[in-house]
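*Asks:* model this:
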Amino acid sequence: METPVAATKSSRSILRFMAAPSDILHAGAQGVSGGRVLQWIDKAAYACAVQWSGSYCVTAYVGHIHFTRPIPSGHIVEVRSRIAMTGRTSMHIVNEVLSADPREGVFTRACDCLVIFIAKNPETGEKVEVPTFVPADAEDERTLAAAQSRIELRRAIDEEMRTQTYTDDSTAPRTIHRFLAKPTDVNWGGKVHGGSAMEWIDEAATACTMEWSGERTVAVYAGSIRFQKPISIGDLVEVDARITRTDARSMHIAVQVRSGNPRGGRHALTHAIHATFTYLAVDLDGQPLPARQFTPVTEEDKRLWDHTRVLKELRQRYTPEPLVRPADAQQHID
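*Replies:* Numbering: from 1, shown residues only. Model (predicted):
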């Protein structure tokens, strides 16, 4: 039986630091890359999950992130994470990323999202039960309702994504990165950080969209990031990014991450992560440019084009509650 635990048991974490020049992905970018922001979110959410569960935890899902504005190098960044709800072994964690020019001292929200972590035994890999989160006040109740309102949308997207396959029968713009997972990517359970993997995904997708568009590109949306198996240090990793659809301004990307023993070669790699991103090409002032249009040719290209449309329609059909209150979008540095 799970033991209910009061909401005061380390249900929140806050990371505060300064965005550095090394957080910028490519020359001329207006701000920190989307992948680096996702890495920050994963670190803060991981800290929140571990202190709540008292156990090693792994990222299972990251969803529905709109990057509403760039975070410049030199800004103070604050990542706030808090438990919204728990299952038997899972923790649904709401995350906000804010930044402030230190000369002005006003934090403004850049994005927010929901991350799901699973508690595991680091030695056996078996799932571990977590304490039940009990809302302590009206804000906790509101956050719980917001997390619950996303369950049906997540199920609908998962069902749609399970119907798709990705093969080499495609003429779509595509970028593939292959490398070995390094010891610097490890977490204390001996596996690759989810945040490191999300940064790999953004790097490959950015390269794909920049090569296709001939312009600088920025991530404006990330969603349906599903972690299906852990990646070990020393694994051969393949990050495969391809454009599935273009609209007037946006370029939609599906990214598959595969991994395995390098001695088996790429054909022995198995699926580890799937993600969808949306990018815009921008000019020197960061203003959106028209997207170079991709025309699907093969049956797979046409199927994935329609699949991307269906995912957009699902996100428009469901209306989950906001994870955070709009009134909290700006706050002064304490």
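*Asks:* what about G195, which SS state?
*Replies:* Applying DSSP: H, G, I helix; E, B strand; the rest coil to G195 yields a three-state assignment of helix.
*Asks:* mind checking the longest strand of this structure?
*Replies:* strand 106-120 (DSSP state E).
*Asks:* C-alpha coordinates for that one, PDB please?
*Replies:* C-alpha atoms of strand 106-120 as PDB (Å, rounded to 0.1, in the frame of the first residue of the first chain):
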ATOM      1  CA  VAL A 106      12.400  41.200 -13.600                       C
ATOM      2  CA  PHE A 107      11.900  37.500 -14.300                       C
ATOM      3  CA  THR A 108       9.800  36.800 -17.400                       C
ATOM      4  CA  ARG A 109       8.500  33.300 -18.300                       C
ATOM      5  CA  ALA A 110      10.100  31.700 -21.400                       C
ATOM      6  CA  CYS A 111       8.300  28.300 -21.400                       C
ATOM      7  CA  ASP A 112       6.600  25.700 -19.200                       C
ATOM      8  CA  CYS A 113       5.900  22.000 -19.600                       C
ATOM      9  CA  LEU A 114       5.000  18.800 -17.900                       C
ATOM     10  CA  VAL A 115       7.600  16.100 -17.400                       C
ATOM     11  CA  ILE A 116       6.900  12.500 -16.100                       C
ATOM     12  CA  PHE A 117       9.500  10.600 -14.200                       C
ATOM     13  CA  ILE A 118       9.500   7.000 -13.100                       C
ATOM     14  CA  ALA A 119      11.200   5.900  -9.900                       C
ATOM     15  CA  LYS A 120      13.400   2.800 -10.300                       C
END
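*Asks:* show the subsequent helix or strand relative to it.
*Replies:* Sequence order places strand 132-134 as the next helix or strand after strand 106-120, per DSSP states H and E.
*Asks:* helices and strands around that next one, which ones?
*Replies:* Other elements packing on strand 132-134 under the criterion 3 or more CB pairs under 8 Å, 6 or more residues apart in numbering; DSSP states H and E are strand 4-6, strand 76-86. C-beta coordinates here come from the backbone N, C-alpha and C atoms, glycine included.
*Asks:* quick one: low-confidence ranges for the stretch 51-200 of the chain?
*Replies:* For the stretch 51-200 of the chain, no stretch is flagged by pLDDT under 70.
*Asks:* redo that, cut-off 90
*Replies:* 63-64, 105, 122-125, 184-191 (pLDDT under 90).
*Asks:* flag the shaky bits of the stretch 201-334 of the chain, pLDDT-wise.
*Replies:* Residues of the stretch 201-334 of the chain that meet the cut-off, pLDDT under 90, sit at 223-224, 265-267, 284-286, 316-334.
*Asks:* show me the strands in it, by range?
*Replies:* 216-227, 236-246, 250-260, 270-282, 330-332 (DSSP state E, counting those that start in this stretch).
*Asks:* show me the domain layout of this structure.
*Replies:* The domain map for the chain lists 4-137, 174-317, with the assignment taken from automatic domain parsing.
*Asks:* relative to C48, how far out is the closest residue to R82 other than its chain neighbours?
*Replies:* Spatial nearest neighbour of R82, chain neighbours left out: R12 (4.3 Å); criterion: CB to CB, 6 or more residues apart in numbering. The gap separating R12 from C48 is 7 Å, by CB to CB, to the nearest Å.
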